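>>> Got a sequence here, can you model it:
(one chain, ligands or ions: 1)
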Amino acid sequence: MGAISTPNLQLLTALASHCLLRSQHAVHSSRQQLQQLTQPLPAGFPPGPREYDLAWDLARDPLHCLESLRASYGDLVGFKLASRPIVLASSPSYAREVFITQSSTFVKAGTAFFPGSSLAGNGLLVSDGDTWKRQRRLSNPAFRKAAINSYAQAMVKVSNKMVKQKWWRGGVRDVYMDFNELTIEIVASALFGASEVSEDMVEVGAAISSAFQFFTRSATSMFIVPEWFPTIDNLQYKAAVTRLDNVVYRLIAERRSQLASSSAPAHQDLLTRLLRARDEDDSGMDDQTLRDELMTLLVAGQETSAILLSWSMVMLALHPHIQEHLFKEVVEVLGSQEPTHSHVSQLSYMEAFIWETLRLMPPAYIVGRCACHSTHLGEWHLPVGTTVLVSPYLLHRDPTFWPRALEFDPSRWQPGGDAKEHMENDSYWPFGGGPRNCIGMGFAMLEVSLVLVTIVKHFKISLPEGVPAPTPRAMITLRPESQVNLQLTPRQQSRGQQHQVNGRLKEQIGCT
Ligand code: HEM
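Residues are numbered from 1 along each chain as shown. Got it, this is the predicted structure:
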């Protein structure tokens with residue numbers, strides 16, 4: 001047994017602290033929480049490890065801990081962590097119960113480890129009940145296929161810019177860092193139409209970056225301090241959120257008045273779509289609600305996509321034959337054209353590749369809910385306040401449901417492959433499920449496809465010599481442990497025609 005690595009100790013501390021401190025969205029009164037601290041687990045609660053043993057295992061290796069919990073106790077494991085009752089559910093039928101059949105019992109409020117923040121406010125990700133229902137109703141149209149397709153051009157433009165400014169010479173790059181910047185820019189331009197408001201976007205971009213740096217520092221620091229506590233970090237974060245608020249509220253006000261004046265050109269961004277959204281009684285979103293939804297989309301849409309892009313690149317580097325297959329498909333479908341949303345619907349191997357990456361490396365590797373009243377999962381009794389953790393990571397790697405479960409094989413998603421039927425039998429949940437499934441799934445799939453097309457078309461991706469494949473770190477999401485340094489070789493350069501082709505590549509991506 002090795003010593004506890006710092007990040008894992010940090011995870012343990014973070015998990016325990018999240019349990020205790022993230023009370024912002026908790027439905028439980030402090031009396032209920034106090035009761036939970038002192039009460040033993042009730043009869044009928046699923047069996048599991050003692051808190052102390054579990055804390056140790058979690059600290060050593062969280063992903064391995066999840067796997068060994070299921071191996072030792074089965075697909076519903078019960079335990080206490082930071083004195084809160086928690087169950088880990090990892091069967092298709094339990095996942096269906098939590099996400100779909102009992103979706104009104106298993107709610108967001110009160111969930112242990114739940115990452116609420118003043119940045120995202122009370123937006124879709126954290127709200128419940130009638131507030132959530134109304135917001136989801138009003139937001140859904142902005143995420144329909146036709147609306148999402150209108151963001152494709154901006155996605156391609158931002159991807160080309162990254163390649164043109166940072167990648168065209170090739171070499172080794174930390175793609176995780178580049179994708180974090182890229183996905184902020186993509187989601188911000190979809191929200192606010194960045195090209196029209198470029199000065200504001202500089203401010204928005206800077207404020208978002210500092211807010212995200214804060215999240216990263218919080219996730220990797222020894223102690224999670226509540227946001228209200230006046231540490232330097234918290235004060236800087238608060239200042240970044242205030243800066244962001246100022247810009248966003250101003251953009252909302254300007255857009256409201258533009259929409260009121262019929263002469264103004266119609267914007268096609270999410271801000272306009274959400275501003276125009278009307279409920280059955282013709283009411284729309286007030287400024288505060290709109291602000292919370294915009295920030296939620298930033299938070300929910302940025303990191304997950306950056307992580308998926310990073311794991312996709314790792315898979316390309318590890319599987320050169322799959323990379324070549326993708327390249328061939330991209331060239332066949334696109335020729336020399338710029339990618340568009342209609343190309344993406346013809347890229348079936350690309351889609352299979354992304355589904356397979358999401359299977360083995362789901363950014364949302366664990367999804368939490370809280371029982372708002374006492375209930376049953378299968379034969380087991382869960383008291384009110386039990387946090388249920390459904391693990392897509394465990395389900396997606398379970399050999400009972402997935403033949404050659406640990407093999408990366410996009411072709412399983414193609415006609416005649418075995419994967420589609422597993423999607424239907426509830427063993428695949430990369431975007432959650434039921435009424436609270438990911439509203440941005442279509443957006444993410446389009447974004448990741450377009451970015452990957454841009455990259456695969458121009459570069460060969462490999463691991464730099466002597467560098468091991470990046471490993472995952474299970475925090476709130478399944479991030480890369482550290483940098484994802486990959487070797488990028490301009491395609492034509494790999495055929496020994498570097499200078500000519502670099503010229504051609506620069507032309508193709510509009511580099512002057
Ligand atoms: C690879 C990228 C993404 C992954 C893996 C992902 C995954 C998920 C998952 C698993 C959930 C359900 C959480 C739960 O049940 O508690 C979720 C919810 C959500 N996601 Fe995503 N997501 C991604 C991208 C996006 C994007 C691009 C956006 C927006 C632009 C977005 C916005 C949201 C929102 C607002 C919710 C809450 C929906 C609700 O509760 O009504 N996500 N996402």
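
>>> show me the residues around Ile307 that make contact.
Ile307 makes contact with Tyr176, Met361, Pro363, Thr477, Leu478, Arg479, Pro480, according to C-beta atoms under 8 Å, 6 or more residues apart in numbering. To be clear about C-beta, it is placed using only N, CA and C from the backbone, and glycine gets the same treatment.

>>> Swap in 6 Å and give it another go.
Pro363, Thr477, Arg479 (C-beta atoms under 6 Å, 6 or more residues apart in numbering).

>>> leaving aside the residues next to it on the chain, what's closest to it?
Spatially, and ignoring its direct neighbours in sequence, Ile307 is nearest to Pro363 (4.2 Å; C-beta to C-beta, 6 or more residues apart in numbering).

>>> for Met350, same thing?
Ser449 (5.5 Å).

>>> what about that neighbour, distance to the ligand?
11 Å (C-beta to the nearest ligand atom, to the nearest Å).

>>> Check for me that that residue belongs to a helix.
Yes - counting by DSSP: H, G, I helix; E, B strand; the rest coil, Ser449 is part of a helix.

>>> so what pLDDT did it get?
On the pLDDT scale, Ser449 is placed at 98.

>>> Up against the ligand, what does the stretch 151-300 of the chain have?
Val187, Thr296, Leu297, Ala300 (C-beta under 6 Å from any ligand atom).

>>> that older thread, residues in contact with the residue nearest to Ile307?
Pro363 sits in contact with Thr304, Ile307, Leu308, Thr477, Leu478, where contact means C-beta under 6 Å, 6+ apart.

>>> so which of those residues is the most crowded?
Leu308 (28 neighbours; other C-beta atoms under 10 Å).

>>> which stretch of helix or strand covers that residue?
helix 287-318 (DSSP states H and E).

>>> Pull out the buried positions in that helix.
289-317 (16 or more other C-beta atoms under 10 Å).

>>> circling back to that earlier point, out of the contacts of Pro363, which touch the ligand?
Restricting the contacts of Pro363 to those near the ligand - C-beta under 6 Å from any ligand atom - leaves Thr304, Leu308.

>>> Can you list phi and psi of Arg479 for me?
phi -80, psi 160 (degrees, to the nearest 10).

>>> nearest spatial neighbour of it, skipping sequence neighbours?
Per C-beta to C-beta, 6+ apart, closest to Arg479 is Arg473, 5.2 Å.

>>> where does the one you found land in three-state SS?
strand.

>>> Check whether it really touches Ser482, as I assumed.
No - using C-beta atoms under 6 Å, Arg473 is not in contact with Ser482; the gap is 7.9 Å.

>>> Neighbour count: those two, which is higher?
The neighbour count for Arg473 versus Ser482, taken as other C-beta under 10 Å, is higher for Arg473 (20 against 13).

>>> Neighbours of the closest residue to the ligand within the stretch 351-500 of the chain, how many?
Proximity of the stretch 351-500 of the chain to the ligand (C-beta to the nearest ligand atom) peaks at Gly440, 2.1 Å away. Gly440 has 22 neighbours, counted by other C-beta under 10 Å.

>>> Do you know the pLDDT at the residue nearest to Ser90 when sequence neighbours are not counted?
Counting by C-beta to C-beta, 6+ apart, Leu394 is the residue found nearest to Ser90 once chain neighbours are left out, at 4.0 Å. Leu394 is assigned 96 on the pLDDT scale.

>>> check contacts around Leu394.
Leu66, Arg70, Ser90.

>>> Spell out for me which residue occupies the centre of this protein.
Thr304 (2.3 Å; C-alpha atoms, centre = their mean).

>>> And the closest residue to that residue other than its chain neighbours, how far from His396?
Distance criterion C-beta to C-beta, 6+ apart; nearest residue to Thr304, sequence neighbours excluded, is Pro363 at 4.4 Å. Applying C-beta to C-beta, to the nearest Å, the value for Pro363 to His396 is 12 Å.

>>> repeat for Ala154
31 Å.

>>> go on, Ser150?
32 Å.

>>> between these two, who's got more neighbours?
Set side by side, Ser150 and His396 show more neighbours around His396, with 22 against 14, by other C-beta under 10 Å.

>>> Is there a neighbour count for the closest residue to that one other than its chain neighbours? I'd like the number.
Leaving out its chain neighbours, the residue that sits closest to His396 by C-beta to C-beta, 6+ apart is Arg359, at 4.5 Å. Residues lying near Arg359 (other C-beta under 10 Å) number 26.

>>> Need the residues that contact the strand or helix carrying Arg359.
Arg359 belongs to helix 348-360 when assigned by DSSP H and E. Helix 348-360 has contacts (C-beta under 6 Å, 6+ apart) with Trp311, Ser312, Met315, His325, Glu329, His396, Pro410, Trp413, Gln414, Pro430, Val448, Ser449.
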